[in-house]
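1. have a look at this prediction, sequence included:
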Amino acid sequence: MTFVNYNKSQDMKPSTTRTPDSELSQFRVKGEIPVPALINGLTAAAVPLLLFFSWRSMQQGDSVTAPFLIGFAVLLAINSLVFLFVGHKTFHRRVFITLITALFTYLATQAVEDGSAIIWLFAYPPIIFYISEARVGIYACLGGWLAVLMLFSPIGDALFASPYNATFRLVMIIVLAFVMVTCYILDQSRRRSKLGLIKLAKEFEYAAKHDALTGLANRREGLEQLDNEYQRYLRSGRGFSVLLTDIDLFKSVNDTHGHQAGDEMIVLVAKTLASQCRKVDTIARWGGEEFLILLPETSLADAYASAERIRQAVSRQTITVDGKVIRATISIGVATIQGSESIDRLLQRSDEALYQAKSEGRNRTCQASVAA
């Protein structure tokens, strides 16, 4: 089980750094077509088209083009079948990109369908930008455009005897460049929009799980982590403890010095708790001036020792309000899971221990009674 680290509020804030394309591709937004589904859909459309044009080539007496088109159709189909059985997305995407690049290169250089097949190159930019990282799309499109430029040059004429006239070559080069640039701009807009949605979703998720004032886990997230640890305890038998903490005389601070001073006191205690706890511990603002600390795989004796260390650390902290120094103290109730007791019963025992600590004079730690 992986525990969430709520010890340092700065570690819990949603990242503002730019998400790499490799990570961006792992997220999906509503309405977005998954890359494997798009590749398989394009393959399903391309295979019959390739078979049709291979049949046309044979009807026209072209015994060279037909086998090539059939070969591309077979390889594309095999790639999709392999993905269905293996499920390797990266291999699936890379093979598809390699095959369509080779296919479009063949269509252009061999002047298939009296040279008209080169028009299929306009389908390349939107496909390559959608299914690959932006960097790969830029390199592929730039390489493709330079290849077309070479094909229409005297070198291309010497190598392939291209049938394209001068007007077609000029229009093709200009329009293809325009399409590639347009596809890049639209793709960047799509990626920025997706990144914005992902960032917004992370912020909503963060807000749903964290206390706005302290940055610690809120009660709902604390209960979720507590339930996760409880389920692990039922499976493995490894116990855990909880510390229920309350700021002493908090109401008097609020009433005497105002809510701003009360908030300052809460933040001070929260930071101190975070500095004294382990990374595997969960600290949650339980409500008002109460905090719950979940200590995985911690015995009662160790939990009590941790509680005392925390209590003493808090007692050394102060806030200053209108020139007056106010010392912070807390009371702590310690309880360790026992037998088959429920989470509710564990929390009830820790609450009873906290009440005992308050009754005995505050600024102290009390252990819960043994579960009945």
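-> Received it, and whenever you're ready, just let me know what you need. Residues are numbered from 1 along each chain as shown.
2. am I right that Ala335 is in a strand?
-> Yes: assigned with DSSP: H, G, I helix; E, B strand; the rest coil, Ala335 falls within a strand.
3. isn't it up against Arg349?
-> Yes: contact criterion Cβ atoms under 8 Å: Ala335 and Arg349 qualify, at 4.4 Å. Placement of C-beta: from N, CA and C, glycine included.
4. intersection of neighbour lists for the two?
-> Shared contacts of Ala335 and Arg349, defined by Cβ atoms under 8 Å, 6 or more residues apart in numbering, comprise Ala368.
5. more neighbours: which of these two?
-> Using other Cβ atoms under 10 Å as the criterion, Ala335 and Arg349 rank with Ala335 on top: 28 against 25.
6. residues contacting the nearest residue to Arg309 once chain neighbours are set aside?
-> Distances taken as Cβ to Cβ, 6 or more residues apart in numbering place Gln276 nearest to Arg309, at 6.1 Å, with adjacent residues excluded. Each residue near Gln276 by Cβ under 8 Å, 6+ apart is listed here: Ser306, Arg309, Ile310, Ala313.
7. then Cys366?
-> Here Cys366 is in contact with Ser331, Ile332, Gly333, Val334, Ala353, Leu354, Gln356, Ala357, Glu360 (criterion: Cβ under 8 Å, 6+ apart).
8. most distant residue from the middle of the protein?
-> In terms of distance from the mean C-alpha position of the chain, Gly61 ranks first, at 54.5 Å (Cα atoms, centre = their mean).
9. secondary structure element for that residue?
-> Secondary structure from DSSP states H and E places Gly61 outside every helix and strand.
10. quick check: it vs Gly215, distance?
-> In this view, Gly61 and Gly215 are 75 Å apart by Cβ to Cβ, to the nearest Å.
11. quick check: next helix or strand after the longest helix seen in the chain?
-> As assigned by DSSP state H, the longest helix anywhere in the chain is helix 166-209. Next helix or strand after helix 166-209 toward the C-terminus (DSSP H and E): helix 219-236.
12. keeping just the C-alphas, turn that next one into PDB.
-> Extracted as PDB, the C-alpha positions of helix 219-236 are listed here (Å, rounded to 0.1, in the frame of the first residue of the first chain):
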ATOM      1  CA  ARG A 219     -11.600  15.100   7.200                       C
ATOM      2  CA  ARG A 220     -12.900  13.200   4.200                       C
ATOM      3  CA  GLU A 221      -9.400  12.300   2.900                       C
ATOM      4  CA  GLY A 222      -8.300  11.400   6.500                       C
ATOM      5  CA  LEU A 223     -11.200   9.000   6.700                       C
ATOM      6  CA  GLU A 224     -10.300   7.500   3.400                       C
ATOM      7  CA  GLN A 225      -6.700   7.000   4.400                       C
ATOM      8  CA  LEU A 226      -7.900   5.600   7.700                       C
ATOM      9  CA  ASP A 227     -10.100   3.100   5.900                       C
ATOM     10  CA  ASN A 228      -7.300   2.100   3.600                       C
ATOM     11  CA  GLU A 229      -5.000   1.400   6.600                       C
ATOM     12  CA  TYR A 230      -7.800  -0.500   8.300                       C
ATOM     13  CA  GLN A 231      -8.300  -2.700   5.300                       C
ATOM     14  CA  ARG A 232      -4.600  -3.400   5.200                       C
ATOM     15  CA  TYR A 233      -4.700  -4.300   8.900                       C
ATOM     16  CA  LEU A 234      -7.500  -6.800   8.300                       C
ATOM     17  CA  ARG A 235      -5.400  -8.400   5.500                       C
ATOM     18  CA  SER A 236      -2.000  -8.400   7.100                       C
END
